[in-house]
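1. sharing a sequence plus its predicted fold:
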Amino acid sequence: MKILLTGKNGQVGFELQRALAPLGEIAAVDHQECDLSNPDAVRQLIADLKPQVIINPAAYTAVDKAESEPALAYAVNAVAPGVLGEAAARLGALVIHYSTDYVFDGSKDGAYREDDTPNPQSVYGQSKLAGEQALQASGADHLIFRTSWVFGAHGGNFAKTMLRLAAERDALNIVADQFGAPTSAALLADVTAQILGQYQHQGRADFPFGLYHLVAAGCTTWHEYAQTVIRAAQAAGRPLKLSADDVQPIATRDYPLPAPRPANSRLDTGKLRQTFGLELPAWQDGLAHVLQQIL
C-alpha cells in the first residue's frame, strides 16, 4: 500500500513511521511539507501522491492557545479532515484520523461509549468534533480513533514535564479530580497498524469502518500519574529534588486554565476490542516502557 502520513514529527506520527513500515510505502510529511491549514496545498499533495491510505495524526493540540486562536484551530482540526476525506473519496482511499476525549463534557459517571452525545466545552474539543463530522460527511472510507492523555518517548508530554519539574522543584501540586487513561503513542501506532493490516488482508467489502475509542486499559488521575512517573525516576537513580510524597493533590478549581478540561475522560474500548479482536494493555505498561527509554 502507498500510505500518506501527516504530522511525522509529532508523538503519534513518529511512532506510526515505525509501526506502518511493514505494510507498504510511507510518504511521511511534516507541517512544512503539508500545511493542513491550506486546503489547496493538501488537495495538491494528495493528487500528486495518489495514496491508498491517508493517516492523519497531525492536529492543532495547544488546548489553551486555541481559545484565542479559534480560526487556526478550526482550519487544522475541523476543515482539514473534511478536505482529506473529500480527496480520499475521489481516489477510493481510506482515511484514518485521530480525535479526543475533549469532545465530551466529562459529566458522565462511567466510561464514554462511541454513541454517547458529544458536548465539547473548549474550542479545541469543538474543533476536533467538527473534524470528525467533516470526515464522516466526506463520503470517504474512514476510521476515527478517539484517544486521551497521549504520551511518548518522542515529543513533549505530561510525563516529561513531571520529570523536569521534579528535578527543579521541592514540591508540586497536581490535579487529582480528573480521570482518564494515559495512552502511549506507541500503542496508538501499533493498534493502527494491526487494524490496517486487517484492512489490507480483508479489503473494503464489509470492513467495519467508523468511529472507535482507543485508549490503554485502566484509569488514573493526573496526580497518581505524576507520582508513578516520579517513583520510576527515583528507582532509575535520576537525581530529583522531590519524592512522590511531595506531589500534593489539588482540585481543578485550584488550577484555573483558559480551556476547561473534562473531569471524566474515560473511554469505553469494548467496540474496538470486540470488532478487531485486540487486547489493550494497562496504561502502566505503556508508561513503564516509555520511561525506560527516557530514563
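-> Nice, I can see it. Quick caveat, the model's predicted, so the values are computed rather than measured.
2. from here on, contacts and neighbour counts on C-alpha atoms
-> OK.
3. and the most centrally placed residue in the chain, what are its bridge partners?
-> The residue lying closest to the centre of the chain (CA atoms, centre = their mean) is residue 147, at 4.9 Å. For residue 147, the beta-bridge assignment (DSSP bridges) gives partners residue 100.
4. next one, pLDDT for it please.
-> Residue 147 is assigned 98 on the pLDDT scale.
5. repeat for residue 155
-> Residue 155 is assigned a pLDDT of 89 by the prediction.
6. start to end distance for stretch 255-269?
-> Counting by CA to CA, to the nearest Å, you get 30 Å between the two ends of stretch 255-269.
7. ok, now stretch 212-224?
-> End residues of stretch 212-224 are separated by 27 Å (CA to CA).
8. and that stretch, average pLDDT?
-> The pLDDT scores in stretch 212-224 average 98.
9. and that stretch, what's buried?
-> Residues 212, 213, 214, 215, 216, 217, 219, 220, 221, 222, 223, 224 are the ones in stretch 212-224 that count as buried (16 or more other CA atoms under 10 Å).
10. for the first one, give its distance to residue 101.
-> Translated: residue 212. Taken as CA to CA, the span from residue 212 to residue 101 is 12 Å.
11. also the fifth one?
-> Taking CA to CA as the criterion, residue 216 is separated from residue 101 by 13 Å.
12. kindly report the same for the second one.
-> When distances are taken as CA to CA, residue 213 and residue 101 turn out to be 9 Å apart.
13. the residue nearest to the centre of the chain and residue 99, how far apart?
-> Per CA to CA, residue 147 is found 6 Å from residue 99.
14. so which residues of the chain form helices?
-> Counting by DSSP state H, the chain has helices at residues 11-20, 39-49, 70-74, 80-91, 123-137, 158-168, 185-202, 222-235, 270-276, 283-294.
15. now the fourth one: buried residues?
-> In other words, helix 80-91. 80, 81, 82, 83, 84, 85, 86, 87, 88, 89, 91.
16. do the same with the shortest one
-> By neighbour count, with 16+ other CA under 10 Å as the criterion, the buried positions of helix 70-74 are 72, 73, 74.
17. which secondary structure elements does that helix contact?
-> Here helix 70-74 touches helix 123-137, going by 3 or more CA pairs under 8 Å, 6 or more residues apart in numbering; DSSP states H and E.
18. ok and the helix it packs on relative to helix 80-91, angle-wise?
-> Angle between the axes of helix 123-137 and helix 80-91 is 10 degrees (criterion: axes from the mean of the first three to the mean of the last three CA atoms, to 10 degrees).
19. contacts for helix 123-137 next, please.
-> 60-63, 66-67, 70, 73-74, 77-86, 99-104, 118, 120, 142, 144, 259 (CA atoms under 8 Å, 6 or more residues apart in numbering).
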